[in-house]
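>>> sequence and computational prediction follow.
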Amino acid sequence: MSQENLYGEISDAIVNLNEDKATELANKAIDENLNILNVIEEGFGAGIRRVGELWDAGEFFLPELMRGAKIMQDCLDLLIPHLQGGIERKTLGKVVIATIEGDIHSIGKTIVATMLRAYGFEVYDLGADVPAEKIIDEAIEKNVDIIGVSALLTTTMLGQKKVVEILKKKGISNKFKVILGGAPVTSKWVEECGADGYAGNAVEAVELAKSLLHI
Amino acid sequence: MLFHDWLKNDSKIILFDGAMGTEIFKRGIEPGKIPDLLNIEKPDIISEIHKSYYDVGSDMCQTCTFGSSSLNLKKYKLEDRIKEINEKALENIKKACPPTCLIVGDIGPSGEFRPPVGNTTSEQWQSSFANQVKILENGVDLWHIETISDIEEMQAAIRAVKKNSEKPIIASMTYNKTPRGYFTIMGDSLEKCIQILEREKVDVIGANCTIGSNDMIGLIEESIKLTNKPLSAKPNAGQPKIDKNGKPFYEYPTKDYARDIHDMINLGAKIVGGCCGTSPQTIMEICKIIDSL
């Protein structure tokens, strides 16, 4: 089988949510000593991008999206130890993400974290109901590029603004890009907060993260 | 009972209430608190909101217990207060409910998902809802299971109610409008949900939240073709925005909302009311329309 065909098969296995097939192909790539980096990017990466497109188009729903990302992640865990000759899979960037204090709605944030990870970002998911100060402490400690703050409630949205304000107060707002998410968030709100962008869904969030880091 | 009489009476349009959450926020609730806890901390506010809906013509209002199932309360470390919260909620609505009106037991989503999204099982859902139902059964006239995005979670909630109560059930899923039609975020189509809800023998099939009243018209139009069951509609008043003072507001005009509801009644909706962003003002406008029919 040519490598292109294998990439196509891997991509199809992800889109068809066929865990067995995807695992089998990952093992095959390892056994045949293929260039693992290319397998990840052109096989699995292409697959998860198609999953994202189907989600965007309303063809896939939450279970398909999460399942696709989970299969992808499991295969990456298999493949990454076999990356050849000290080549490391370059992460696209580091992201710390959380749902703001007072808000327990974690599903949207989890989807975004999953998709960012699947696309190659290194993601630190702090969970839900996280104080602004804690998000910033983690961002500094992990030396991230992007801080993602989610809020579903119109009352907790104010916490998103607080993150930006604390960064400004500490004089470190130029070190991070702050992106906001959640049903009530709009571009106008982002502007008002002085944040760097917002995304309406997980696929847009990936595009936003990439564009903010000029990828 | 009264509710069944209303359902049987062809000329009766049942007026439900409007939003609880956004009315509470207007009164300045602190972020981070689950509104249901206000049943204990600010009972007068909750009673006042219920009364404001009954006063403008709601035939029935629902308890402030959207998040008061075990699984959801657990997230706020309040699971050991489930009895107190639900009992207080009953007390608060009873104070406001006129003798000719009804009290609806409100059951919202658990906030937990089944695999692959989360790790919750149907049994866990059912037992969580049952804990709530057993307490509310003492004072409600009927049930509204609402804002559910997974038909399996809805089925678990229906089973929890039916095991512990013989009162009527309104089962409202929450849908997005997609290019292929109305689907829940879990991928359940309107058609699939209606089929299952018919099989589960609920009394009323409904939809609430997520979409605004303009998009709900099409949903009611579709639903009418799929079932002979009475239909309930509680849409949002558009999408929330934040004003300069950081206060949330909904910009969809009340008159337009009421006009959309009028369209839904003409299509055949039996129960109408409002979800996020609606207010007693909204319900009053709808009441005028119903009175003019």
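Ah, there it is. Numbering: from 1, shown residues only, chains lettered A, B, ... in the order given.
>>> how close does A:Arg117 sit to B:Asp5?
Per Cβ to Cβ, to the nearest Å, A:Arg117 is found 56 Å from B:Asp5. (C-beta placed from N, C-alpha, C; glycine too.)
>>> who has more neighbours out of the two?
Each of A:Arg117 and B:Asp5 has its neighbours counted (other Cβ atoms under 10 Å in any protein chain shown); A:Arg117 has more, 21 against 9.
>>> excluding its backbone neighbours, what's nearest that one?
Of all residues not flanking A:Arg117 in the chain, A:Val123 sits nearest, at 4.7 Å (Cβ to Cβ, 6 or more residues apart in numbering or on different chains).
>>> contacting residues for that neighbour?
With contact set as Cβ atoms under 8 Å, 6 or more residues apart in numbering or on different chains, A:Val123 has these partners: A:94-97, A:113, A:116-117.
>>> for it, name its beta-bridge partners.
Under DSSP bridges, the beta-bridge partners of A:Val123 are A:Val95.
>>> do the same with A:Ile147
For A:Ile147, the beta-bridge partners under DSSP bridges are A:Val96, A:Val178.
>>> who's in contact with it?
Taking Cβ under 8 Å, 6+ apart as the criterion, A:Ile147 is in contact with A:95-97, A:135-136, A:139, A:163, A:176-179.
>>> any chance of JSON lines for these, columns neighbour count and pLDDT?
Converted to JSON lines, those look like this (neighbours: other Cβ atoms under 10 Å in any protein chain shown; pLDDT from 0 to 100):
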{"residue": "A:Val95", "neighbour count": "28", "pLDDT": "97"}
{"residue": "A:Val96", "neighbour count": "28", "pLDDT": "97"}
{"residue": "A:Ile97", "neighbour count": "29", "pLDDT": "97"}
{"residue": "A:Ile135", "neighbour count": "27", "pLDDT": "97"}
{"residue": "A:Ile136", "neighbour count": "20", "pLDDT": "97"}
{"residue": "A:Ala139", "neighbour count": "27", "pLDDT": "97"}
{"residue": "A:Val163", "neighbour count": "26", "pLDDT": "96"}
{"residue": "A:Phe176", "neighbour count": "22", "pLDDT": "96"}
{"residue": "A:Lys177", "neighbour count": "21", "pLDDT": "96"}
{"residue": "A:Val178", "neighbour count": "24", "pLDDT": "97"}
{"residue": "A:Ile179", "neighbour count": "25", "pLDDT": "96"}
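>>> and which of these is nearest to chain B?
Using Cβ to the nearest Cβ, A:Val163 is the member of the contacts of A:Ile147 that sits closest to chain B, with 14.0 Å.
>>> the closest one contacts A:Val178, correct?
Yes: counting by Cβ atoms under 8 Å, A:Val163 does reach A:Val178; the two are 6.2 Å apart.
>>> near chain A, which residues of the stretch 51-200 of chain B? Just list them.
Counting by Cβ under 8 Å from any Cβ of the partner chain, the residues of the stretch 51-200 of chain B lying close to chain A are B:75-76, B:111, B:113, B:116-117, B:176, B:178-180, B:183-187.
>>> just the buried ones among those residues, please.
Among those, those buried by neighbour count (16 or more other Cβ atoms under 10 Å in any protein chain shown) are B:75-76, B:111, B:113, B:116-117, B:183-187.
>>> and the nearest residue to B:Gln126 once chain neighbours are set aside, what does it touch?
Nearest residue to B:Gln126 in three dimensions, chain neighbours excluded: B:Ala156, at 4.3 Å (Cβ to Cβ, 6+ apart). B:Ala156 is in contact with B:122-123, B:125-126, B:129, counting by Cβ under 8 Å, 6+ apart.
>>> hmm, B:Glu191 is touching B:Leu226, no?
Yes: B:Glu191 is within contact range of B:Leu226, at 5.9 Å (criterion: Cβ under 8 Å).
>>> list the buried ones in stretch B:136-149?
Buried, per 16+ other Cβ under 10 Å, within stretch B:136-149: B:136-137, B:139-149.
>>> kindly reformat the residues you listed as CSV containing secondary structure.
Below are those laid out as CSV (DSSP: H, G, I helix; E, B strand; the rest coil):
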residue, secondary structure
B:Leu136, helix
B:Glu137, coil
B:Gly139, coil
B:Val140, coil
B:Asp141, coil
B:Leu142, strand
B:Trp143, strand
B:His144, strand
B:Ile145, strand
B:Glu146, strand
B:Thr147, strand
B:Ile148, strand
B:Ser149, coil
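>>> pipe these into a markdown table and attach pLDDT per row.
Listed next are these as a markdown table, based on pLDDT from 0 to 100:
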| residue | pLDDT |
| --- | --- |
| B:Leu136 | 98 |
| B:Glu137 | 98 |
| B:Gly139 | 97 |
| B:Val140 | 98 |
| B:Asp141 | 98 |
| B:Leu142 | 98 |
| B:Trp143 | 98 |
| B:His144 | 98 |
| B:Ile145 | 98 |
| B:Glu146 | 98 |
| B:Thr147 | 96 |
| B:Ile148 | 97 |
| B:Ser149 | 96 |
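>>> B:Gly18 belongs to a helix?
No: counting by three-state DSSP, B:Gly18 falls outside a helix, being coil.
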